[in-house]
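Colleague: Below is the sequence, then the predicted model.
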Amino acid sequence: MWHGEGVTVADVLGALGDIRYRFARAEAGDSEHLHPRNCVMTLIGIAPTEAHEVVAKRTTQAIGMQHPAQAIVIREEAPIRRRHLDAWITTDVRRPEMACAVECELITLHVRGKAADHLGALLDPLLVSGVPTYLWWLGTPPFGKRELLDALRVSDGLVVDSAQFDEPYRTFRRMASMLKVAHHRMGLADLQWSRLRPWRESIAQFFTPGDRRAFLGGISELGVDYAGDGRGNRIAASLITGWIASALGWKLRRATAGAGGVVAAMYQAGGRSVEVNFRSVPQNDRVPGEVSAVRIAGAAGGTTFRLSVMHDPPRPRDTSGSSYEWDRRRGDTERVLLTLIEIGGGEPLRHLQQLEPEDEAALLVELLSTGTHDEVYNRSLAAASDLVESI
Amino acid sequence: MKVEEAPNPLAEGLHDYRVADPAVMVIFGATGDLSGRKLLPALYNLARQRSLPAGFAVLGAAMSDLTDDAFRKMASEKIHQFSRTQPIDERVLAPLLDLLFYVKVDFSQQDEFRKLGRKLQELDDARHTTGNRIFYCATPPQTYSLIAQQLMAAGLHAGKGFHRIVVEKPFGTDLQSARELTQTLQKAFPEDAVFRIDHYLGKETVQNILAFRFANSIFEPVWNANLIDSVQITIAEEIGIENRGRYYDTAGALRDIVQNHGLQLVTLTAMEPPLAFEAGAVRDEKVKVLRSIRPLIGEDIEQSTVRGQHTSGWVLGQQVVGYREEKDVAPDSQTETFAALRLFVDNWRWAGVPFYIRAGKRMPKRVTEIRIQFKRPPHLTFGREAMKEVDPNAITLRIQPEEGISLKFGAKVPSAGLRIRSVTMDFQYVTSFLVEAPEAYERLLLDCMIGDPTLFTRADEVEAAWMLIDPIENKWRSGRPPLAMYPAGTWGPDEATQLLKADGREWHRP
């Protein structure tokens, strides 16, 4: 590990170069050429708090143990000392069975003063050339503010978690607005969207067989159950609705929110109406805002259908208590998604799927393996934002 | 005419989301080795990836008299033993086992296929599979025809929904038997419903040959006879015949490896860019390559092929017996455990470029690679002395075990003088991607369920390959060229070295 207080970016770069050369030399031995350095991406984690810094480091290290990446974790500190930059460099070496050893580097920077407003200039020299750079902003990104825009200047994609926003209602709308003005190269990815992937898969799967495709045009009801009841807890439910609405060309006509977290909306789908209902369910063992069931029903060609996707059994919550708000999703491994299919009469068909744990590292790997440019998310976000604004 | 369905708009943006229509997969030979080692573990891993559609079911069919529960127990044991992902997630396994059913079927008994039909109907009704059926022959090749005939006689080969049959290589033992098998299968199933599995094509790195060639603009312009000197394909195994003596002694390296894997690699290396990565276009281009290969006949066979058999020796530090001392192998066996060929693809792109293929058992290590050897520069700008340590450029596509690609080129040695040395630029799969590669059977089973035959072998491809191999096989059976012996743990007989030396070349050491 290397550590320097009151250093410059040039000092950090010098130390990095030295670490890389020593690693390559040691791995090559005396008689071999130096092995080429592998790097999949630069992942920058912006950590507003100490708790976020812990999460960012733990996550980037977990990713690094599987994929050679350079990780930079930046923490902004109050300018109580004159030094504006303290830096740490740690490395993890992985030795795959059938390939050269690879090194994952974690650079931690504590930034104070005005340098924190100019993250682009701070980061640019540290980036690995030729591989994508992803900016993961933990907590609530300052949408519309200079420091975010400056950091985005050197990034190919921004990763956020809309489930972790403070003031989720307002922040979500600001995020949707930002996407409208972002430069075309910039991708936006949301860990909450990744959490919804199994739900989207199960719903899409139902409509995949050719003989069920006509059902898409016959949907008359969509219901979403979510945990908690404030309007900030309806983000995931709105994203699911926005996804279906934008994919199927539904237009929002009206939406109202009632007592107890109930939402009723009406969409126009061609010449017919689709009724959308959100229902708040007790939190119990769930994270606020989490989707717990999606129901779709309708009829086409004289055949009725009903698709229900739900958590089953209800997920046990880790009640051991965590010192960080961030950790509220930990211990969440007993995840089963139950799909019930009813076509015409007869017994419903049950289909059980086990979901993987939702830790940040797994979600980030899944999300970043395909990049952060996701037109479907962008469209779903825009449609969800319209719905959120209406209620 | 087949009408293309509009894509499911809800599937858009779900990367790697490939979901089939619900179907019942009948596994003939469900209690056998292939089912236990490969198919059931692959299904488990597909379930783990949430790739099995709601309603999907497996109906095991074999001679043993088992209950559903006994089959599930057996499946559970095999999955625990052979799955590539460990430890087994019981929460994934339990719902998968609920989708497994079993029916005893004696392939020679027509009545038992009717019983199979009744069971399929029950599952269709209960699981909304709408008559979709996949018949997987995980049985010895000699049963494929019988199973197809019985399915047809019982009326299970057609009707509502799709009906596909899957057979494993070898597809015949020569051109005639391959044609007979095709005819039998096609009597019951149309060609686009016959899925011939050569699991080699399901490997990510084999598919990456196409990605490397056709997703990059810098390689195709140099991928021809103007700049390429030769192509070497090595398929080496350190293992012996592993208790397969009875089969192997009637097959040999030429039929077992070169006829399928070896020629597959030639076609993927030499083919023209297909219009799209879809079944018709890719397989058309592969067949064109096979038809462009200059057939070896008569004297050519003695000059352009080497057949070898390993004697005892040392492999990976272990002493091993010679081939003729293996179980179920004749003590005077003339079967080759090593084959080397020099082929020419007679078309505009490859005129005059030799393709050297070697495949063998009990070689120093397990390795499969394609080496594209480029010509030397036309002029030595830096002089002969500076260039003496420089080999011509080469691109090596490593299929296994260190899947990746390396480019060899000359670079200046840091010093006051001017000396050039060869260096390599390496790409390794394992260190460059954020996702794990699936096992070949997972990819191929899913393709079959979806109905995508791109990575399966078409009848004309099988026949074109046998048309090249049959004359060589016949000549070899007559003892020409003579069988060359090589010690286990070496790269084959001296005759293989001479095959290249005569052309002023040498084998690359993998």
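Modeller: Everything's here; your move.
Colleague: wait, isn't A:Glu221 in contact with A:Arg272?
Modeller: No - between A:Glu221 and A:Arg272 there is no contact under C-beta atoms under 8 Å: 11.6 Å. Any C-beta I mention is one placed from the backbone N, CA and C, and that applies to glycine too.
Colleague: Touching, A:Ala255 and A:Met266? I think so.
Modeller: Yes - using C-beta under 8 Å as the test, A:Ala255 is close enough to A:Met266 to be in contact (7.4 Å).
Colleague: Find residues that contact each of the two.
Modeller: Listed as contacting both A:Ala255 and A:Met266 by C-beta atoms under 8 Å, 6 or more residues apart in numbering or on different chains are A:Val276.
Colleague: what's the burial count for A:Ala247?
Modeller: Applying other C-beta atoms under 10 Å in any protein chain shown, we find 22 residues neighbouring A:Ala247.
Colleague: Quick one: residues contacting it.
Modeller: Taking C-beta under 8 Å, 6+ apart, we find A:Ala247 in contact with A:Val376, A:Arg379, B:Pro9, B:Leu10, B:Glu12.
Colleague: and the fourth one, that one's in a strand?
Modeller: The reference is to B:Leu10. No - if the criterion is DSSP: H, G, I helix; E, B strand; the rest coil, then B:Leu10 is helix and not within a strand.
Colleague: ok, it to B:Tyr486 distance?
Modeller: Distance, B:Leu10 to B:Tyr486, using C-beta to C-beta, to the nearest Å: 58 Å.
Colleague: cool, the first one as well?
Modeller: The spacing between A:Val376 and B:Tyr486, counted by C-beta to C-beta, is 57 Å.
Colleague: any weak-confidence spans in the stretch 1-150 of chain A?
Modeller: Along the stretch 1-150 of chain A, the parts satisfying pLDDT under 70 run over A:29-38, A:78-83, A:96-100.
Colleague: where along the stretch 51-200 of chain B do the strands fall?
Modeller: B:57-62, B:100-104, B:133-137, B:163-168, B:194-197 (DSSP state E, counting those that start in this stretch).
Colleague: of A:Val376 and B:Tyr486, who's got more company?
Modeller: Of the pair A:Val376 and B:Tyr486, B:Tyr486 is the one with more neighbours under other C-beta under 10 Å, namely 23 against 19.
Colleague: so what's the residue lying closest to that one once chain neighbours are set aside up against?
Modeller: Of all residues not flanking B:Tyr486 in the chain, B:Pro493 sits nearest, at 4.1 Å (C-beta to C-beta, 6 or more residues apart in numbering or on different chains). By C-beta under 8 Å, 6+ apart, B:Pro493 lies in contact with B:Val306, B:Gly308, B:Phe338, B:Ala484, B:Met485, B:Tyr486.
Colleague: let's see 10 Å
Modeller: B:306-310, B:338, B:340, B:360, B:483-487, B:499 (C-beta atoms under 10 Å, 6 or more residues apart in numbering or on different chains).
Colleague: Show me what counts as buried in the helix or strand of chain B with the lowest mean pLDDT.
Modeller: Ranking every helix and strand in chain B by mean pLDDT, DSSP states H and E puts helix B:383-386 at the bottom, with a mean of 74. Using 16 or more other C-beta atoms under 10 Å in any protein chain shown as the test for burial, helix B:383-386 gives B:Ala386.
Colleague: Sheet-wise, list the partners of the following helix or strand past it with their directions.
Modeller: As assigned by DSSP states H and E, the chain's next helix or strand after helix B:383-386 is strand B:394-400. Taking DSSP bridges as the criterion, strand B:394-400 forms sheet pairs with strand B:367-374 (antiparallel), strand B:404-412 (antiparallel).
Colleague: Comparing these, which comes out most buried?
Modeller: Here the criterion is mean neighbour count by mean count of other C-beta atoms under 10 Å in any protein chain shown, and of those the winner is strand B:367-374, at a mean of 21.
Colleague: Quick check: mean pLDDT of that strand?
Modeller: The average pLDDT within strand B:367-374 is 95.
Colleague: Kindly export it (C-alpha atoms) in PDB.
Modeller: Output of strand B:367-374 as PDB, limited to C-alpha atoms (Å, rounded to 0.1, in the frame of the first residue of the first chain):
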ATOM      1  CA  VAL B 367      -4.200 -27.300 -26.300                       C
ATOM      2  CA  THR B 368      -6.400 -26.200 -29.200                       C
ATOM      3  CA  GLU B 369      -5.200 -23.300 -31.300                       C
ATOM      4  CA  ILE B 370      -5.300 -21.700 -34.700                       C
ATOM      5  CA  ARG B 371      -2.100 -20.000 -35.800                       C
ATOM      6  CA  ILE B 372      -2.200 -17.600 -38.600                       C
ATOM      7  CA  GLN B 373       1.400 -17.300 -39.800                       C
ATOM      8  CA  PHE B 374       2.000 -14.100 -41.900                       C
END
